[in-house]
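S.K.: quick one: sequence plus predicted model below, questions after.
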Amino acid sequence: MSNPDREPLDITAYEPETLAVRAGIQRSQFGEHGEALFLTSSFVFDTAAEAAARFSGAQPGNVYARFTNPTVTMMQERLAALEGAEACVATSSGMSAILSMVMALLKSGDHIIASRGIFGSTQQLFSTYFEKFGVTTTLVDATDIEAYRAAVQPGTKLFFIETPSNPLTEVIDIQAVADVAHAAGALLAVDNCFCSPALQKPLELGADIIIHSATKYLDGQGRVLGGAVCGRKAEMDEVLRFLRTAGPTLSPFNAWVILKGLETLSIRMQAQSANALELAHWLERQPWVARVFYPGLESHPQHAVAMRQQKTGGAVVAFEVKGGREEAWKLIDATRMLSITANLGDTKTTITHPATTTHGRIAQAARDASGIHESLIRLAIGLESVADMKRDLSRWLDA
Ligand SMILES: *Cc1c(COP(=O)(O)O)cnc(C)c1O
């Protein structure tokens, strides 16, 4: 006997904590409680007529996993519910989310305005590949709203920002950039990787599209690659059409891992942010630290904007040691517990030297101009004890 009041969940009637564990569930004929992993590439039909109706779209349902798969659909609906988006399209990685958005929505002759300091591969994608097909990009200083306005051209179709930025945690006023974008008749896409919907809801601040590297906090445990584009249904239908055709689709297994990761997203982000704030305060007091970059600190230049649009300062903390590369490497090499890696968004704290790894390919002059000095260290704070983090970061003083 079916009970229409029970499923599917009316997502407008529930709080984010509830949506994180319950939104998007589709149960099979077996009535399983946990979300099922549908490891199938294709779907069968009862009759030729049904196959024809599914293929034409006259009858809703799954056809082939490059188009849709129930586990992927569950993940998309849960993430859309958390972002407050009409629709979400999952992709094989964060980079393929950006690729799919641009392939679906832009054409030759169009122009992108992007904040300086966006993810390195994003910058490469824009400058090397989109440029090749006649889509040009202007980079502007991330926090200078006038610079966005000044960069507008007749063909400007997309504004693309990332906030907080990597690794210096610059915070961009999303509402202010949305106003400039909309006045220019363009869309604003926000890469919400660093905050996730647990801390920041760009659509509520005027953004049109959200990009995710689900590889980071959405999975949260460093297991799989994944990505997503969220936004209005009309635009997401276009993104899905590109995905169906070109194939950078999310695998059902990865979707299942991310779907379950979303259940703990909010408590992880809160706990990791609290650890980050405590560690940032501690770093500010160390005589060997020259400067700390963390939006949750009152000393952060955009602290007020951050506290207006984010629930916390996030889980990424950067700092400069007094000295240069030698001191920074010495500190990193003396750690025993922190993971020396360029990844972030894991429950395990990671330590990175941006100038020689993630930003190593950028010419030194450009790197210096953007403030990524050789004394800079980035921490992506996880769930370990903060006391253990402090001890690990202090070992170099005895070495
Ligand atoms: C990692 C990352 C990406 C790319 O995501 P992948 O899943 O590695 O393809 C894009 N934007 C930001 C901010 C990232 O940190």
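M.R.: Alright, I've got the coordinates. The structure presented is a predicted model; accordingly, all values stated were derived computationally and were not measured. Residues are numbered from 1 along each chain as shown.
S.K.: how near is Ala184 to Leu158?
M.R.: Distance of Ala184 to Leu158, given as Cβ to Cβ, to the nearest Å: 10 Å. Every residue, glycine included, has its C-beta placed from N, CA and C.
S.K.: report pLDDT for Val224.
M.R.: As predicted, Val224 sits at a pLDDT of 97.
S.K.: which residue packs closest to Ala228, ignoring adjacent ones?
M.R.: Leaving aside its sequence neighbours, Ala228 sits nearest to His212 (Cβ to Cβ, 6 or more residues apart in numbering; 4.3 Å).
S.K.: swap that for Phe242, sorry
M.R.: Ala104 (4.2 Å).
S.K.: just to revisit the earlier point, give me the common contacts of Ala184 and Leu158.
M.R.: None of the residues lies in contact with both Ala184 and Leu158 under the rule Cβ atoms under 8 Å, 6 or more residues apart in numbering.
S.K.: picking up where we left off before, what sits against the residue nearest to Phe242?
M.R.: Contact analysis of Ala104 by Cβ under 8 Å, 6+ apart lists Glu235, Glu238, Val239, Arg241, Phe242.
S.K.: pretty sure it is in a helix, no?
M.R.: Yes - counting by DSSP: H, G, I helix; E, B strand; the rest coil, Ala104 is found in a helix.
S.K.: how confident was the prediction at it?
M.R.: Ala104 carries a pLDDT value of 98.
S.K.: before we move on, back to that, so which of the contacts of Ala104 wins on neighbours?
M.R.: With neighbours taken as other Cβ atoms under 10 Å, the top of the contacts of Ala104 is Val239, carrying 25 neighbours.
S.K.: that residue - that's part of a helix, no?
M.R.: Yes - counting by three-state DSSP, Val239 is part of a helix.
S.K.: what about it, distance to the ligand?
M.R.: 16 Å (Cβ to the nearest ligand atom, to the nearest Å).
S.K.: now for that residue: which residues touch it?
M.R.: Val89, Ser100, Met101, Ala104, Leu105, Val229.
S.K.: how about those, which pair is most distant?
M.R.: Val89 and Leu105 (11.8 Å; Cβ to Cβ).
S.K.: ok, these two, which is more surrounded?
M.R.: Val89 (29 against 20).
S.K.: do I have it right that the more buried one meets Leu240?
M.R.: Yes - in this structure Val89 lies within contact range of Leu240 using Cβ atoms under 8 Å: 5.0 Å.
S.K.: any shared contact partners between these two?
M.R.: With Cβ under 8 Å, 6+ apart, Val89 and Leu240 have no common neighbours.
S.K.: near the ligand, which residues of the protein show up?
M.R.: 93-95, 119, 121-122, 162, 166, 191, 193, 213, 215-216, 225, 227 (Cβ under 6 Å from any ligand atom).
S.K.: of those, which belong to strands?
M.R.: Assigned to strands by DSSP state E, the following of those qualify: Glu162, Asp191, Ser213, Gly227.
S.K.: give me the pLDDT for the nearest residue to the third one once chain neighbours are set aside.
M.R.: Distances taken as Cβ to Cβ, 6+ apart place Gly94 nearest to Ser213, at 2.6 Å, with adjacent residues excluded. What the model reports as pLDDT for Gly94 is 98.
S.K.: how many residues are close by Gly94?
M.R.: Neighbours around Gly94, by other Cβ under 10 Å: 24.
S.K.: my guess is it contacts Tyr217. True?
M.R.: No - counting by Cβ under 8 Å, Gly94 stays clear of Tyr217, with 11.3 Å between them.
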